[in-house]
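Visitor: Curious how this folds, go ahead:
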Amino acid sequence: MLGLPSSSATCLPRWQILSVYMSSSKNMSYDSAHLTTSDIKWLGVRPTDLNKYNIPPECRIPMSDEDMRAGRKLLEEDFIKKNPAWVRELQIMIDTKEKAEIQALSKHGFQYLTYDYLPRKLRKGDWI
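Guide: Model prediction:
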């Protein structure tokens with residue numbers, strides 16, 4: 001299963017949602033074997049994509065103090081610690097203090113997301 005969370009204004013909560021799909025919630029832990037997709041992957045815009053896909057500065061969003069606190073807290077979570085690639089992406093986000101919504105890709109054209117970005121990521125297996 002591939003997930004499409006972006007490093008957007010709602011990204012930090014999306015990481016938590018992705019973790020629920022991956023390992024279940026604390027409330028549903030009794031049935032996690034039937035409710036999880038442990039091999040879920042993150043396909044959407046990641047912090048490393050901002051430069052790789054030439055997301056211009058005007059399409060990047062400064063992280064708020066609340067975003068920074070949430071990011072630091074996420075780095076302490078077991079589901080993040082278990083995935084070094086997630087740690088790297090989250091650390092980049094905190095270090096650069098910027099994020100972007102998947103809509104930032106439209107800067108490259110209306111159909112860039114569906115005809116270039118996603119096909120390229122799928123071909124290369126560029127997900128974590």
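
Visitor: what ranges do the strands span in this protein?
Guide: Listed in chain order, the strands found in the chain under DSSP state E are 2-3, 41-42, 61-62, 98-99.

Visitor: Give the pairing partners of the last one; include direction for each.
Guide: Each strand paired with strand 98-99, and its direction, by DSSP bridges: strand 61-62 (antiparallel).

Visitor: chain center to the strand it pairs with: distance?
Guide: The gap between where strand 61-62 is centred and where its chain is centred comes out at 15 Å by C-alpha atoms, centre = their mean, to the nearest Å.

Visitor: doesn't A104 make contact with G44?
Guide: No: counting by C-beta atoms under 8 Å, A104 is not a contact partner of G44; they are 11.2 Å apart. C-beta: built from backbone N, CA, C; applies to glycine.

Visitor: ok so, going back, could you work out which of the strands of the chain reaches nearest to K73?
Guide: With distances scored as C-beta to C-beta, the stretch of those nearest to K73 is strand 98-99 (15.8 Å).

Visitor: Now do the closest one, average pLDDT.
Guide: Per-residue pLDDT values over strand 98-99 give a mean of 90.

Visitor: helix or strand right after that strand?
Guide: Using DSSP states H and E, the helix or strand that follows strand 98-99 in sequence is helix 112.
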